[in-house]
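Novice: Sequence unavailable; structure follows:
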């Protein structure tokens with residue numbers, strides 16, 4: 001930043017006036033805070049945004065909105081209301097109307113209501129599951145009688161998209177003048193471009209915030225929806241509970257992985273089913289069956305969409321807050337502040353008055369999260385926006401600029417190659433660490449070396465190829481072209497990520513991380529099995545955990561499937577203090593915590609400090625123990641904390657039967673109930689988007705041709 005002409009000397013300015021910049025850093029409205037006088041007067045708004053990005057990246061979205069308002073007008077940041085009539089008037093028999101879907105929206109109701117309003121015959125069918133033939137039959141019929149057909153969820157019928165393109169191209173001038181083809185689809189690379197270009201495109205933004213969501217839900221309800229013949233008050237109370245639950249599960253998505261590991265398509269139909277079942281159950285039972293309501297809502301109606309077990313645990317926990325006897329009492333608080341509560345059972349207008357008084361922006365507290373969750377979400381949104389802008393830049397330009405770009409990439413490729421270590425000598429390692437019954441860690445080491453060697457071979461060969469391609473000696477393939485763009489943008493090339501460990505780091509941090517991992521492996525090779533393990537350094541940490549159990553099982557003659565880990569937290573120890581490994585189990589360090597912190601004074605899980613987004617998990621002794629004779633009970637005073645490799649949390653099931661991201665649950669002592677931490681999204685990680693700390697120093701080690709890589713892009 002100091003190299004930019006207008007921002008030259010900014011470092012000295014911050015050092016001279018730390019109080020002025022601290023005010024911006026601490027402000028809730030940092031985007032509106034004035035900078036110290038010198039910068040306030042000499043910088044334009046865009047240059048101030050660059051400076052704000054350094055101080056408060058979570059506030060860049062707000063600053064961007066103000067920038068657009070100042071230069072283009074407020075109308076460019078306010079999405080227009082969807083008016084189907086105007087869109088319909090722009091369509092013809094040959095011009096389809098496409099609903100571009102977003103999470104939590106379903107345009108079916110608007111489509112049906114609009115068709116009834118105009119008196120049109122309407123049909124609809126969801127594609128997939130072999131419904132394509134039925135869809136073609138409905139289209140043929142509608143072309144003759146002038147009806148409408150909505151083909152829903154085109155993204156689920158990717159293989160049928162070429163056929164859809166032909167169907168649209170072959171619509172003749174002789175079809176009925178009232179015929180219309182409606183489509184709906186999420187963003188999908190396989191959707192026919194020609195259809196998309198010629199169609200009328202529409203999208204419905206889901207309501208943002210608890211207030212907007214509740215208002216939309218209650219506004220769409222008819223008076224009869226709020227009545228019950230036998231238990232009117234109980235029905236209204238629990239109905240409002242379901243509505244609030246619906247708003248919570250939908251709005252948690254804005255927090256990304258902290259909200260849900262996977263973004264689910266919860267919609268109004270799920271809520272309607274819950275309300276219909278509530279009516280039936282209150283009619284059929286004298287006592288309100290809360291367990292049944294919880295089960296139907298959290299495990300079937302909404303839970304039927306949930307595919308991740310951690311998300312399943314979360315949705316059941318959230319439902320318990322709203323489907324319980326306390327919900328029937330007035331002023332039952334949904335959060336500690338009391339801003340959100342269960343209002344008295346009255347009429348629709350009274351509920352709308354209550355909703356009107358709610359804050360427009362939903363504070364993380366109502367979701368059970370710490371205020372830091374909003375900062376993490378805003379930073380993630382900023383990063384996504386800037387990456388999108390970066391990736392939309394032209395990839396080629398004539399003349400000196402293109403040559404300058406290639407020169408930068410060439411120099412970086414040479415620098416990275418010169419500092420990339422040579423692959424390990426597998427023959428030497430297998431001789432020094434042979435496969436032994438009594439030491440499973442030898443196998444873990446050789447498997448890790450095989451994986452890292454695969455990455456190092458790929459890096460060295462591709463770096464040599466890109467240098468030849470930039471020199472014009474060989475033809476530049478698509479992979480190498482993508483690699484060139486990635487290196488220029490400080491991103492890890494895809495051909496490396498395919499062979500490499502899971503990571504979200506930019507290229508510069510990724511290279512530093514790689515060398516630290518290789519030094520960890522090198523230390524193991526040279527000095528024997530470590531006394532304590534930097535778990536973040538493993539390519540496949542699940543194999544290491546299995547090896548630890550296997551050693552214990554063989555030493556004590558116990559079946560490995562009877563073993564589980566006991567987690568003994570040694571928060572007074574550091575890795576450098578450990579000189580000998582334990583007789584059983586292993587010492588582990590290097591994990592990080594999001595959503596909470598370890599209190600080293602009270603020795604329990606505690607609330608995060610403001611702006612402290614990530615903290616370290618203390619030193620832990622992973623001790624295998626025989627659990628075959630223990631009864632399966634929910635332990636009090638602990639939180640079963642999921643640990644993932646990276647912050648995205650979600651992963652896929654690999655061929656080994658393990659998740660590509662989830663590692664294991666660890667038990668962390670806590671005085672609070674586990675539900676608190678589940679709703680807060682508390683989780684452990686092996687790596688962040690940047691280098692959080694450096695593991696045990698291996699300064700005495702040297703990697704062939706390797707030093708710590710520092711690159712600037």
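Specialist: Okay, I see it. Predicted model only: the values in this text are computed from it and were never measured. Numbers count the residues shown, from 1 in each chain.

Novice: Figure out how far the helix ranked longest in the chain is from the centre of its chain.
Specialist: Across the chain, the helix with the greatest residue count (assigned by DSSP state H) is helix 441-470. Offset of helix 441-470 from its chain centre (C-alpha atoms, centre = their mean, to the nearest Å): 29 Å.

Novice: helices and strands around it, which ones?
Specialist: If you count contacts as 3 or more C-beta pairs under 8 Å, 6 or more residues apart in numbering; DSSP states H and E, helix 441-470 packs onto helix 400-419, helix 426-432, helix 478-488, helix 494-497, helix 507-527, helix 541-556. Backbone N, C-alpha and C define where each C-beta goes, glycine included.

Novice: What sits closest to residue 530 if chain neighbours are left out?
Specialist: residue 524 (5.9 Å; C-beta to C-beta, 6 or more residues apart in numbering).

Novice: was I right about the one you found contacting residue 533?
Specialist: No: between residue 524 and residue 533 there is no contact under C-beta atoms under 8 Å: 9.0 Å.

Novice: out of the two, which sits in the busier spot?
Specialist: A count of neighbours by other C-beta atoms under 10 Å puts residue 533 above the other of residue 524 and residue 533, at 26 against 20.

Novice: so which helix or strand takes in the more buried one?
Specialist: Assigned by DSSP states H and E, residue 533 falls within strand 532-534.

Novice: And that strand, how far out from the chain middle?
Specialist: What separates the centre of strand 532-534 from the centre of its chain is 28 Å, taken as C-alpha atoms, centre = their mean.

Novice: where does the stretch 501-650 of the chain have low pLDDT?
Specialist: Within the stretch 501-650 of the chain, the segments meeting pLDDT under 70 span 631-634.

Novice: Next: the stretch 251-400 of the chain.
Specialist: Along the stretch 251-400 of the chain, segments meeting pLDDT under 70 span 394-400.

Novice: Secondary structure of residue 666: a strand, I assume?
Specialist: Yes: membership of residue 666 in a strand is supported by DSSP: H, G, I helix; E, B strand; the rest coil.

Novice: shouldn't it be in contact with residue 643?
Specialist: Yes: with contacts counted by C-beta under 8 Å, residue 666 reaches residue 643, the gap being 5.8 Å.

Novice: and for those two, which residues touch both?
Specialist: 591, 684 (C-beta atoms under 8 Å, 6 or more residues apart in numbering).

Novice: Tell me which residue of this protein is furthest from the middle?
Specialist: The centre of the chain is farthest from one residue, residue 174, which by C-alpha atoms, centre = their mean lies 49.0 Å away.

Novice: wait, what's in contact with it?
Specialist: Residue 174 sits next to no residue when contact means C-beta under 8 Å, 6+ apart.

Novice: Now it: phi and psi?
Specialist: The phi/psi pair for residue 174 (degrees, to the nearest 10) reads phi -90, psi 0.

Novice: Any figure for the gap between it and residue 93?
Specialist: According to C-beta to C-beta, to the nearest Å, residue 174 stands 10 Å off from residue 93.

Novice: Residue 678 now?
Specialist: Distance of residue 678 to residue 93, computed by C-beta to C-beta: 53 Å.

Novice: And the two? Which one has more around it.
Specialist: Set residue 678 next to residue 93 and count neighbours by other C-beta under 10 Å: residue 678 wins out with 21 against 18.

Novice: Mind listing what's buried along stretch 340-349?
Specialist: Residues of stretch 340-349 classed as buried by neighbour count (16 or more other C-beta atoms under 10 Å): 340, 342, 343, 345.

Novice: Ok, stretch 469-485 next?
Specialist: Those would be 469, 470, 480, 483, 484, 485, for stretch 469-485 by 16+ other C-beta under 10 Å.

Novice: and residue 150, helix, strand or coil?
Specialist: Following three-state DSSP, residue 150 is assigned to strand.

Novice: One more: residue 202?
Specialist: In terms of secondary structure, residue 202 is strand; the call rests on three-state DSSP.

Novice: Give me the contacts around stretch 526-537.
Specialist: Stretch 526-537 is contacted from outside by 439, 441, 445, 516-517, 520-521, 523-524, 541, 544, 575, 578-581, 586-591, 619, 686-687, 695-696, 701, using C-beta under 8 Å, 6+ apart.

Novice: rerun at 7 Å
Specialist: With contacts defined as C-beta atoms under 7 Å, 6 or more residues apart in numbering, stretch 526-537 is touched by 441, 517, 520, 523-524, 541, 544, 575, 578-581, 586-591, 686-687, 695-696, 701.

Novice: Likewise for stretch 363-373?
Specialist: Identification of contacts with stretch 363-373 by C-beta under 7 Å, 6+ apart yields 210, 248, 252, 255, 258, 334-337, 340, 374, 595, 607-608, 610-611, 613, 676, 679-681.

Novice: Let's see that with 8 Å instead.
Specialist: For stretch 363-373, contacts defined as C-beta under 8 Å, 6+ apart pick out 210, 248, 251-252, 255, 258-259, 334-337, 339-340, 374, 595-596, 607-608, 610-613, 676, 678-681.

Novice: returning to what we had before: now for the helices and strands packed on helix 441-470, which one comes closest to residue 55?
Specialist: Among the helices and strands packed on helix 441-470, the nearest to residue 55 by C-beta to C-beta is helix 507-527 (20.3 Å).

Novice: Report how many residues lie close to the closest residue to residue 520 other than its chain neighbours.
Specialist: Among residues not flanking residue 520 along the chain, residue 537 sits closest, at 3.8 Å (C-beta to C-beta, 6+ apart). Per other C-beta under 10 Å, the neighbour tally for residue 537 reads 25.

Novice: so who does the residue nearest in space to the middle of the chain touch?
Specialist: Using C-alpha atoms, centre = their mean, the residue of the chain that lies closest to the mean C-alpha position is residue 257, 3.4 Å off. Residues counted as contacts of residue 257 (C-beta under 8 Å, 6+ apart) are 647, 648, 649, 650, 681.

Novice: which stretches of the stretch 101-250 of the chain form strands?
Specialist: Counting by DSSP state E, counting those that start in this stretch, the stretch 101-250 of the chain has these strands, from start to end: 122-126, 148-152, 180-185, 200-203.

Novice: Thought residue 314 was touching residue 678, still the case?
Specialist: Yes: if you go by C-beta under 8 Å, residue 678 and residue 314 touch, sitting 5.6 Å apart.

Novice: circling back: can you give the strand pairings for the strand holding residue 533, parallel or anti for each?
Specialist: As defined by DSSP bridges, the strand partners of strand 532-534 come to strand 586-589 (parallel).

Novice: For whichever helix or strand comes after the partner strand, what is the distance to the chain centroid?
Specialist: Proceeding N to C from strand 586-589, the next assigned helix or strand is strand 592-594, under DSSP H and E. Distance of strand 592-594 from its chain centroid, counting by C-alpha atoms, centre = their mean, is 15 Å.
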